[in-house]
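S.K.: Sharing a model that was predicted from the sequence below.
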Amino acid sequence: MKSTNKWLIPLILVAGFVFILSLRQLSDPDLGFHLKYGQWIVQHHQVPTHDLSTYSVTANRYIDLQWLFQALIFQCYRWGGYPAISVLVCILVCTIFLILLIMNRKEGIPLPSTIFWFLIAFLLIDPRIAPRPELFTFIFILVTLLVLDDYTRRTKDRLFLLPITMLFWCNMHALYFLGIFIIFVYAVAKWIEDKKADRRLSLWAIISLTICILNPYGLNGLLFPWELLTRFDPDNLFNQHVQEFIPFFANRGFLFRDYLFLLLLLGTLLLVIVNFSATRVHELILLSCTALLAITSIRNIPLFVLVSFPLVSRLSVTTLQRFRYRSKFLAGSVFLILIMIPSLLIPRLITNAFYLESKSFNKTGLGINPSHQPYHATRFLLDHHLDGKVMNSLGFGGWLSWVLPQPVFIDGRLEVMKESLYQDITKSWDGGLPHLVARYEPDLIIYNYLKYYPWTLQLKEMKSWRLIYADGFSAIFARQNYRSDIPELNLFTLPEISSLTKNGIAGSWIRGFYCKPDFLTIDSLHMALFRAQMISGNYREQNKQQARIQFNAANGLYQEKLFRDAVAHYDTAIQLDPGYSKAYNNRGMIRALYLHDLSGAIADFNAAIRIDPDYADAWVGRGSVKFMQKDPEGACNDWKKAQLLGSQQAGRLIELNCNHK
């Protein structure tokens, strides 16, 4: 009894870590359109069938299978404002924690194993803790597993809960089909193990599937998730550009969390091999499928974590029982580790040093995160009654659609936007912004200049536009003939680029335990970069020197195979010196070879060639990407141009791939 009581201390500490980890400000770019449609659903007592928040795709169909979630968070907002939504997210994550604890207690798994795997699980789930309907999907997955385990292992028949769960699930999130898959996996596995079909389980599986047609869209809603599967196709445009869809092993700039997932993946495989006879058929199937999903797309990592959690907890105990002579030493070591790690993490969560070091935009607290939502920019628009036609960057669309009275250009609903419009947006990053502006004729352009910096470089040359607002990551431009009473922002009021040399972003590691990061300095650094981009004419020599420093740093990171960090430094070099063709070329090479972002690579090589038409390496690079895109004719044409410019590499490529044609 005393031994069990002792382990309550690390359990409480880890529970506290999970609580603080989940109590965070609202940073998710989808929050705005969830609130927008939740409000519309509550007010009209029906669900939308087409787009209601943009002017660019108003005729497009919108199957809103997350309508119940949207209505729920809007009601939370009505009851308690934005802090109530933060509290809801915290409650949902703590519910996941509680269900996992119940599952392991039912299996008789000792607390040390459960607590250890809790730490790993929630460090991996961290990126998906947001006001999104997938939090309900995580809960529904665990409830489904719990009901099925009770039936197949503990002879507790609560199968009637399955269709009830599916009824809520299919009206909360399009990933409800995972529940159907899990139920049928259990049914098939029981058939294999018992050598006969379990008629009762099969019946409830069919009922659970059938009940999913009870959504507002009927059969169309039932089949809609299959349309979303196209996003996992490597040739899909969204798959190539949206960070959360990239394959795990394409994410070359690994953070600590990525190595942790890799260890979990390998550790689970090893535990299954060592304890294969103790692993059930349904566990093998679910582990294999969720591991494949996680490797295919990093957004699916939590699915593998949740499915593997009870199994790795159980198998790790089984494995350690074979080494009883070390049990006391291991127990003492694990106890100290499980005391120390949450004790170190909790203060860093409170100060937000944890998020800054993991390159996350999240912050501990309640309500809106103004460092990631364009909160202040929209206040500027509302305070000045700027209700003209808006063109916006993708991540801003959700919030703008919720706050502004006018429709927006785009928001985060990719299934509504479709690939054709997104293709136009990708072209706008490579000199196509004037064409996009001419097509849609906006009065205002509001965007994230840290991500859409090619827009800044183009807007600087578009004399019919003027800058009227800038903050730590947002910029607003207005047409010259629109609301002339709003003055142009004086660039010289923004911070100097020299502030880039100051070391004040994160401070020391020790200060992260008691001192909050200087977010004002971070915003100043961002605005200094924006000012550097906006300077007309030739850049000052100081800016070019800073760009060379960033370029050389990027080259060093590339040599160390830290590809995403290298890209970040190339980004800064280009912001400081937009005419830096070598930075474009090197970034394009990394995007093509290591990040599998072929469209982004083409855009970079195009920029390098536009700046320096005689840049042979850029022609070689663009040709190589075209060859990857199965355009051999375009590739050979580019390589021939590079050969004329003296590239021996181009000659070899032509000999290998072009001369036989």
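M.R.: That came through, no problem. Numbering: from 1, shown residues only.
S.K.: Low-confidence stretches in the stretch 251-400 of the chain?
M.R.: 251-253, 323-331 (pLDDT under 70).
S.K.: Please, where are all the strands along it?
M.R.: Applying DSSP state E, counting those that start in this stretch to the stretch 251-400 of the chain gives strands spanning 390-392.
S.K.: The closest residue to Thr95 other than its chain neighbours sits in which helix or strand?
M.R.: The shortest distance from Thr95 to any non-neighbouring residue, by CB to CB, 6 or more residues apart in numbering, is to Ile139 (5.7 Å). For glycine as for every other residue, the C-beta is placed from the backbone atoms N, C-alpha and C. Assigned by DSSP states H and E, Ile139 belongs to helix 134-154.
S.K.: Can you give me the buried ones in that helix?
M.R.: Applying a neighbour-count criterion of 16 or more other CB atoms under 10 Å, one finds 134-152 buried in helix 134-154.
S.K.: which strands and helices sit next to it?
M.R.: helix 67-106, helix 161-169, helix 177-194, helix 301-320 (3 or more CB pairs under 8 Å, 6 or more residues apart in numbering; DSSP states H and E).
S.K.: which of the residues in stretch 164-172 are buried?
M.R.: Buried-residue list, stretch 164-172, by 16+ other CB under 10 Å: 165-172.
S.K.: Could you identify which of the helices and strands packed on helix 134-154 is most buried?
M.R.: Burial of the helices and strands packed on helix 134-154 is given as mean neighbour count (mean count of other CB atoms under 10 Å); helix 301-320 ranks first at a mean of 22.
S.K.: residue boundaries of the helices in the stretch 551-661 of the chain?
M.R.: 563-576, 581-593, 598-611, 616-628, 632-644, 648-657 (DSSP state H, counting those that start in this stretch).
S.K.: now the first one against helix 598-611, angle please.
M.R.: Comparing the axes of helix 563-576 and helix 598-611 via axes from the mean of the first three to the mean of the last three CA atoms, to 10 degrees yields an angle of 30 degrees.
S.K.: can you give me the strands for the stretch 451-600 of the chain?
M.R.: 465-470, 474-479.
S.K.: Centre of the chain to the last one, how far?
M.R.: Using CA atoms, centre = their mean, to the nearest Å, the mean C-alpha position of strand 474-479 is found 26 Å from that of the whole chain.
S.K.: pLDDT of it, averaged?
M.R.: Mean pLDDT, computed over strand 474-479, is 93.
S.K.: Each with direction, which strands does that strand pair with?
M.R.: Strand 474-479 has the following sheet partners, assigned by DSSP bridges: strand 444-448 (antiparallel), strand 465-470 (antiparallel).
S.K.: So which of these is nearest Pro225?
M.R.: strand 444-448 (29.8 Å; CB to CB).
S.K.: Just the buried residues of that closest one, please?
M.R.: 444-448.
S.K.: Turn these into CSV, including pLDDT.
M.R.: Supplementary listing: those in CSV, determined by pLDDT from 0 to 100:
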residue, pLDDT
Leu444, 94
Ile445, 94
Ile446, 94
Tyr447, 92
Asn448, 91
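S.K.: Tell me the one of those residues nearest Ser401?
M.R.: Ile446 (12.1 Å).
S.K.: measure the closest one to Tyr482 for me?
M.R.: 13 Å (CB to CB, to the nearest Å).
S.K.: With Leu349 instead?
M.R.: 44 Å.
S.K.: Give me the more crowded residue out of the two.
M.R.: Shown here are Leu349 and Tyr482; by other CB atoms under 10 Å, Leu349 has more neighbours (21 against 17).
S.K.: could you give the mean pLDDT of the helix holding Ile139?
M.R.: 92.
S.K.: Report how many residues lie close to the residue nearest to Leu167 when sequence neighbours are not counted.
M.R.: Spatial nearest neighbour of Leu167, excluding adjacent residues (CB to CB, 6+ apart): Ile211 at 5.3 Å. The burial count assigned to Ile211 is 17, neighbours taken as other CB under 10 Å.
S.K.: Could you do Leu262 as well?
M.R.: With other CB under 10 Å as criterion, Leu262 counts 13.
S.K.: How about Thr364?
M.R.: Around Thr364 there are 20 residues (other CB under 10 Å).
S.K.: Next: the one 10 residues further on.
M.R.: Other residues near Pro374 come to 27 when the count uses other CB under 10 Å.
S.K.: Out of the helices and strands in the protein, which is least certain?
M.R.: Across the helices and strands of the chain, mean pLDDT, DSSP states H and E gives its lowest value to helix 237-241, namely a mean of 53.
S.K.: Which among the strands paired with strand 474-479 is found nearest to His376?
M.R.: Using CB to CB, the strands paired with strand 474-479 put strand 465-470 closest to His376, at 8.6 Å.
S.K.: Now find how far off-centre that closest one is within its chain.
M.R.: That offset, for strand 465-470, works out to 29 Å (CA atoms, centre = their mean).
S.K.: what residues does it touch?
M.R.: Strand 465-470 is contacted from outside by 377, 380, 445, 449, 459, 475-480, 486-489, 491, 494, 527, 530, 534, using CB atoms under 8 Å, 6 or more residues apart in numbering.
S.K.: Tell me the buried residues within the residues you listed.
M.R.: For the contacts of strand 465-470, buried by 16+ other CB under 10 Å: 377, 380, 445, 449, 459, 475-479, 489, 491, 494, 527, 530, 534.
S.K.: With respect to Leu595, which of those is nearest?
M.R.: For the buried ones among the contacts of strand 465-470, the nearest to Leu595 is Tyr449 (21.7 Å; CB to CB).
S.K.: Confirm for me that that closest one is in contact with Gln458.
M.R.: No - using CB atoms under 8 Å, Tyr449 is not in contact with Gln458; the gap is 11.8 Å.
S.K.: before we move on, the earlier item: could I get the strands of the stretch 451-600 of the chain as a markdown table with distance to Glu419?
M.R.: Converted to a markdown table, those look like this (distance: least, CB to CB, whole Å):
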| stretch | distance to Glu419 |
| --- | --- |
| strand 465-470 | 28 |
| strand 474-479 | 27 |
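S.K.: which one of these lies closest to Glu107?
M.R.: The nearest among these, by CB to CB, is strand 474-479 at 49.4 Å.
S.K.: quick one: low-confidence ranges for the stretch 501-650 of the chain?
M.R.: Using pLDDT under 70, the stretch 501-650 of the chain drops low at 501-509, 536-543.
S.K.: circling back: got the angle for the helix holding Ile139 vs helix 161-169?
M.R.: 170 degrees.
S.K.: so who does Val185 touch?
M.R.: Val185 neighbours (CB under 8 Å, 6+ apart): 282, 285-286, 289.
S.K.: and with 6 Å instead?
M.R.: 282, 285-286 (CB atoms under 6 Å, 6 or more residues apart in numbering).
S.K.: With distance to Asp571 and neighbour count added, can I get those in a markdown table?
M.R.: A markdown table is the format used below for the contacts of Val185 (distance: CB to CB, whole Å; neighbours: other CB atoms under 10 Å):
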| residue | distance to Asp571 | neighbour count |
| --- | --- | --- |
| His282 | 46 | 22 |
| Ile285 | 42 | 18 |
| Leu286 | 40 | 24 |
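S.K.: Give me the domain ranges for the protein.
M.R.: 2-245+255-357, 379-488, 490-537, 540-653 (automatic domain parsing).
S.K.: of all those, which lies closest to His372?
M.R.: domain 2-245+255-357 (4.1 Å).
S.K.: what about the closest one, distance to the chain center?
M.R.: When C-alpha coordinates are averaged (CA atoms, centre = their mean), domain 2-245+255-357 and its chain have centres 16 Å apart.
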